[in-house]
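Trainee: My questions are about this predicted structure, shown below with the sequence.
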Amino acid sequence: MTKKGTYNKNLVVIIAAIAATGGLLFGFDTGVISGAIPFFQQDFQLSNSMVENITTAGLVGAVIGAMLTGRLSDIFGRKKTILVAAIIFVLGAIWSGWAPTEHDLLYSRLFIGLAIGISSFSVPLYIAEISPSRIRGRLVSLFQLLITIGILVSYLSDLAFADNNNVESWRPMFYVGVIPGLVLLIGMFFLPETPRWLMSKGREEESRKILKRIEEPELVEGSILRMKEEIEKQKHRPNFREVFKPWLRNALIIAVGIMFFQQFVGINTVIYYSPKIFMIVGFEGAKAGIWGAVSVGVVNVLFTILSLFMIDKLGRRKLYFIGLSGIVFSLLALGLVFAFHTSLGDMGKWFAIVFVWIYIAFFAISLGPLGWLIISEVFPLRVRGIGSSIGSLSNWLFNGVVAFTFFKIVKLFTASGKGIITQENLYDAATNSFSVQTIDNGNPAGAFWFYAVIGILGLIWGYFYLPETKGISLEKIEEHWRKGKKPRDLKK
Ligand code: BGC
């Protein structure tokens, strides 16, 4: 028997880290727009609805990207798919920074959105398929870590380039995206295809060669054998419809379900609107708001790093229950802070920011990484591309619904006379100038409680549906579904 650890673990980490740069671009490109908006709005003199269209274009692109490329990654391979995303990231960053008209900006955001959608499923998939089972969770979570670093970098780049005397400061904010795009493009060029995809194309020797470099030696032949068996079993079936067959129903419910709860605990209301939330609760001015957002970004990164060490030790289920309970607790507390903000006075804003940190910390150790990890694990080889693209498609759809409905939900749940009033310097397209306006922001207390209730439902759902995939090979997970067993009975 060969000693543990003689395979090249460093190589695997390098491979995963390069691929995970796709996550950095994902985070960067979703976050960067928030700081750029005030500038390009003024530069092109845009109405709020055009700004909304430009922002949403990225999301629409992501949905299309996630939808179209699932099959393509099964046909052409994971590596080529990520390369395409990298090219789009680079071209899109140049296009959006250069954009001479608002329409260029709109289409370039849509274009970058495609790359975000493509990479959001192909990167975790690539990493899962190339990782040894024992550290798969940790390596796929690298993707989440880079998403959070990307979000933080985008806040910082917004902060660095924002210049009130220069309406074109939004351009360099977008150009920054070229750098990680090139890293992904050049790095990925040298990385191998995944052994599992190669095997699905009958390229056994190539597959074995790569597997030997990345898997623990004693597991190589076993993995090859199991891949072969699985492929044999699935040979005569059309693979697109396969994913909707009864034996895979649980896998589908798990992938869509985990993304539903990841988004419907309201994570992106905090990511996209935290400057606004902090301003509402009493931090003065846009700068203070952005600094609040930076602090959220930092907590997010730090706790995602912590999750890397826990995910393959504590396992998926424990992290899910601990994390989601913490999320529910902080959402309830945030609701209280906003409900009683007048009696809390100046203390209110500090309570708000601390509970937002606690909320983000619990998200970062659980639903953040788990969403992307689980969708890359639960589907069998032949339909893994299409399966995980359904997972990331759901992520983008739910993300869009939550972002689009947040302020409406806030309004809906604001008792009359309880709205928080602020004075803000806003752009008015009619007069083509900025002026101080009085805004009734509503009160987000009810919205936070609403997300808390969804979190509680998520705890119940998780009890029945969240599988413990820690340390289990992808082939064994597949076997479990074939035997018609329940998700919570999956064990080593
Ligand atoms: C989610 C994103 C979110 C990010 C925050 C990701 O897992 O999918 O929607 O913005 O985590 O860290």
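Mentor: Arrived safely, thanks for sending. Numbering: from 1, shown residues only.

Trainee: Leu331: what's it in contact with?
Mentor: When contacts are counted by C-beta atoms under 8 Å, 6 or more residues apart in numbering, Leu331 touches Val265, Gly266, Tyr359, Phe448, Trp449, Tyr451, Ala452, Gly455. Any C-beta I mention is one placed from the backbone N, CA and C, and that applies to glycine too.

Trainee: which bits of this structure sit near the ligand?
Mentor: Within the chain, the residues that sit near the ligand (C-beta under 6 Å from any ligand atom) are Gln144, Ile147, Thr148, Gln262, Ile267, Asn268, Ile271, Asn300, Gly368, Gly371, Asn395, Asn399.

Trainee: change it to 8 Å
Mentor: 27, 30, 120, 144, 147-148, 151, 259, 262-263, 267-268, 271, 300, 304, 360, 363-364, 367-369, 371-372, 395, 399 (C-beta under 8 Å from any ligand atom).

Trainee: thinking again about what came up before, widest-spaced pair of the contacts of Leu331?
Mentor: Farthest pair in these (C-beta to C-beta) is Tyr359 and Trp449. Separation: 13.3 Å.

Trainee: Same drill for the two, tell me which one is more crowded.
Mentor: When neighbours are counted by other C-beta atoms under 10 Å, Tyr359 and Trp449 differ, and Tyr359 comes out ahead with 26 against 18.

Trainee: ok, for that one, nearest residue in space, not its chain neighbours?
Mentor: Closest residue to Tyr359 apart from its sequence neighbours, by C-beta to C-beta, 6 or more residues apart in numbering: Ser330 at 3.9 Å.

Trainee: related to what we said a few turns ago, select from the residues of the chain next to the ligand every entry located in helices.
Mentor: Among the residues of the chain next to the ligand, the residues falling in helices (DSSP state H) are 27, 30, 120, 144, 147-148, 151, 259, 262-263, 267-268, 271, 300, 304, 360, 363-364, 367-369, 371-372, 395, 399.

Trainee: List the buried residues for the one helix or strand Asp104 maps to?
Mentor: According to DSSP states H and E, Asp104 maps onto helix 102-130. Under the neighbour-count criterion of 16 or more other C-beta atoms under 10 Å, helix 102-130 has 102, 105-130 buried.

Trainee: The residue in the stretch 51-200 of the chain positioned nearest to the ligand: what's it in contact with?
Mentor: Scanning the stretch 51-200 of the chain for the residue nearest the ligand gives Thr148, at 4.6 Å (criterion: C-beta to the nearest ligand atom). By C-beta under 8 Å, 6+ apart, the contact set of Thr148 is Gly27, Gly297, Asn300, Val301, Thr304, Ala364, Gly368.

Trainee: The ligand: which of those is nearest?
Mentor: Gly368 (4.1 Å).

Trainee: Pull the distance from the helix holding Asp104 to the chain's centre.
Mentor: 11 Å (C-alpha atoms, centre = their mean, to the nearest Å).

Trainee: Show me what that helix is packed against.
Mentor: Applying 3 or more C-beta pairs under 8 Å, 6 or more residues apart in numbering; DSSP states H and E, one finds that helix 102-130 contacts helix 9-44, helix 48-76, helix 78-98, helix 136-161, helix 195-200, helix 367-377, helix 384-412.

Trainee: most packed of those helices?
Mentor: Per residue and on average, the most neighbours among those fall to helix 367-377, with a mean of 28 (mean count of other C-beta atoms under 10 Å).

Trainee: From the contact counts, what lies against that one?
Mentor: Applying 3+ C-beta pairs under 8 Å, 6+ apart, one finds that helix 367-377 contacts helix 102-130, helix 136-161, helix 249-264, helix 285-310, helix 316-339, helix 384-412.

Trainee: And the shortest one, what does it pack against?
Mentor: Helix 249-264 makes packing contacts with helix 367-377, helix 384-412, helix 445-465 when contacts are defined by 3+ C-beta pairs under 8 Å, 6+ apart.

Trainee: What of the fourth one?
Mentor: With contacts taken as 3+ C-beta pairs under 8 Å, 6+ apart, helix 285-310 sits against helix 9-44, helix 136-161, helix 267-280, helix 347-365, helix 367-377.

Trainee: Can you name every helix or strand that the fourth one contacts?
Mentor: Just to be clear, that refers to helix 347-365. Applying 3+ C-beta pairs under 8 Å, 6+ apart, one finds that helix 347-365 makes contact with helix 267-280, helix 285-310, helix 316-339, helix 341-344.

Trainee: Take it, keep the C-alpha atoms, and write them as CSV.
Mentor: Only the C-alpha atoms of helix 347-365 are listed here, as CSV (Å, rounded to 0.1, in the frame of the first residue of the first chain):
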residue,chain,number,x,y,z
MET,A,347,-26.8,52.9,19.5
GLY,A,348,-29.1,51.5,16.8
LYS,A,349,-26.5,51.9,14.0
TRP,A,350,-23.9,50.0,15.9
PHE,A,351,-26.3,47.2,16.7
ALA,A,352,-27.3,47.1,13.0
ILE,A,353,-23.7,46.8,11.8
VAL,A,354,-22.8,44.2,14.4
PHE,A,355,-25.8,42.0,13.5
VAL,A,356,-25.0,42.4,9.8
TRP,A,357,-21.5,41.1,10.5
ILE,A,358,-22.8,38.2,12.5
TYR,A,359,-25.3,37.4,9.7
ILE,A,360,-22.5,37.5,7.0
ALA,A,361,-20.2,35.4,9.2
PHE,A,362,-22.8,32.6,9.5
PHE,A,363,-23.6,32.8,5.8
ALA,A,364,-19.9,32.6,4.9
ILE,A,365,-19.4,29.3,6.8
